[in-house]
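Chemist: I need the structure of the sequence given here:
(one chain, ligands or ions: 1)
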Amino acid sequence: MEDYCRGVALEEINGLSFRRDGRIIHNPSRELGPVRDSIYPDRRRRRYSYEISFQGINTGLTIDTMSSSRGCPFNCNFCSFSRNPWGGKRNWSARSPESVVDELGQIEADIVAFTDDLFTLDMGRVERICELIKARGVRKKMLVNARAEVARRPDVLRKMEKAGFFLLMLGVESACDKTLKSMGKGFDTARLREYFKVLRKSSMFLHGYFILGNIGESAEEMLRIPGFARELGVDTIALSTLRVTPHSGLEELVANSPGYHVAANGKVYSDHCSAKQIRQLRRRMVKRFYSTGQMLRLGHKAIRNGVLRLLPRIFLRLPKIVFILASHSLKQRRKLKLGLSEQG
Ligand code: SF4
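Modeler: Just a heads-up that it's a prediction; the model follows:
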């Protein structure tokens, strides 16, 4: 973008694809240098503020995103986050803590989601970010992608809690050792249990990503996920379906795995577990995981990590939310009645 704005000829900008005379031209890939401290958005130029909404109703809570690092040095073989669109590895490169907190201090939103593939690779940097947040009196609630290895630094986890981090999003992926090994995740279930002994003491919400339909996993093995997640002390889970993305290496693995297929949308399904069965499994697991006890634990954590303090603003809007939900349900009922009488 910088080259483009400076008027460099399109064909001289590496990494750029553009259309000329009806043809798409792809320039050679660009060598990525280190991320720079001085380039981040000037949010005063934006027209909109971004509010968190529930079923189309604004809660009054504002959210923003920012990026403090780029890339990931790991090579999990289902993941293309750490690669550029041409398959090249995007090595991890990070902004200085000072630059990160400078930008954070300019953000008006209550909640900031870091878009980094891996915010926590350098825990020394995270520690300094936390110290600067406290020193400058920046008050935000923040969420980040992390790996379970953050458990090796409980001291930094405490500082993160105090600085306002309230949610760690962690890739657990599977409850089976053979899958974790074939994915190249870099840990097994025993190691995860060790890490989560530390992590579950944290007041931050622990969000676990899991994948359904992993190569070689039976439905019974997938169904271990809710129990395993509960045993670890994960607070919320996300269950995605294995999906082939360019340059992840998964396409090759699926091609070499008899009985596995890739759907048009990239999702992987198998002869022993169809796309429909995976959807049914997901529903069962969600139901099994989110028990009343789990919801109470979530509420308790929300008190501990201060998220509940954001709720008064939602309560102020509660009458409006209830009114909109009630009229929505009335409309639905009317539609249903009309449909029934037309059929009748
Ligand atoms: S899954 Fe996470 S840790 Fe693994 S390569 Fe992707 S971003 Fe990195």
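
Chemist: What is the neighbour count of Asp21?
Modeler: Around Asp21 sit 5 other residues, with neighbours defined as other C-beta atoms under 10 Å. Heads up, the C-betas are built off the backbone N, CA and C, glycines and all.

Chemist: what does His26 give?
Modeler: Here the number of neighbours of His26 (other C-beta under 10 Å) works out to 11.

Chemist: do the same with the one 4 residues further on
Modeler: Burial measure for Arg30: 14 neighbouring residues, criterion other C-beta under 10 Å.

Chemist: Name the helix or strand for the closest residue to it other than its chain neighbours, please.
Modeler: Counting by C-beta to C-beta, 6 or more residues apart in numbering, Arg30 lies nearest to Gly15, which is 2.9 Å off, once chain neighbours are set aside. Take DSSP states H and E as the rule and Gly15 turns out to sit in neither a helix nor a strand.

Chemist: Gly15 touches Gly33, doesn't it?
Modeler: No. Gly15 is beyond contact range of Gly33, at 11.5 Å (criterion: C-beta atoms under 8 Å).

Chemist: So which of those two has more stuff around it?
Modeler: When Gly15 and Gly33 are compared on other C-beta under 10 Å, the one with more neighbours turns out to be Gly15, at 16 against 7.

Chemist: any idea how far Arg288 is from that one?
Modeler: Shown here: Gly15 relative to Arg288, a distance of 46 Å by C-beta to C-beta, to the nearest Å.

Chemist: do Thr236 as well
Modeler: Taken as C-beta to C-beta, the span from Thr236 to Arg288 is 14 Å.

Chemist: Might you list the low-confidence residue ranges for the stretch 201-344 of the chain?
Modeler: Across the stretch 201-344 of the chain, the stretches falling below the confidence threshold (pLDDT under 70) are 312-344.

Chemist: at 50 what do you get?
Modeler: With pLDDT under 50 as the threshold, the stretch 201-344 of the chain has low-confidence stretches at 344.

Chemist: And the residue of it closest to the ligand?
Modeler: In the stretch 201-344 of the chain, the residue found nearest to the ligand is Tyr209; the distance is 8.3 Å by C-beta to the nearest ligand atom.

Chemist: quick one: contacts for that residue?
Modeler: Tyr209 makes contact with Met169, Leu170, Gly171, Val172, Glu173, Ile237, Ala238, Ser240 under the criterion C-beta atoms under 8 Å, 6 or more residues apart in numbering.

Chemist: and Gly299, helix, strand or coil?
Modeler: Gly299 carries the three-state label helix when classified by DSSP: H, G, I helix; E, B strand; the rest coil.

Chemist: Oh, that last question was meant for Arg279, not what I typed.
Modeler: When the structure is reduced to helix, strand and coil (three-state DSSP), Arg279 reads as helix.

Chemist: who in the chain is up against the ligand?
Modeler: Cys72, Phe74, Asn75, Cys76, Cys79, Phe81, Ser82, Asp117, Leu118, Arg147, Gly171 (C-beta under 6 Å from any ligand atom).

Chemist: switch the cut-off to 5 Å
Modeler: With C-beta under 5 Å from any ligand atom as the criterion, the chain comes near the ligand at residues Cys72, Phe74, Cys76, Cys79, Phe81, Ser82, Asp117, Gly171.

Chemist: what number of residues lie near the fourth one?
Modeler: Counted with other C-beta under 10 Å, residues neighbouring Cys79 total 21.

Chemist: which secondary structure element contains the spatially closest residue to it that is not a sequence neighbour?
Modeler: With sequence-adjacent residues excluded and distances taken as C-beta to C-beta, 6+ apart, Cys79 is closest to Ser248, at 6.0 Å. Ser248 is part of no helix or strand, with elements assigned from DSSP H and E.
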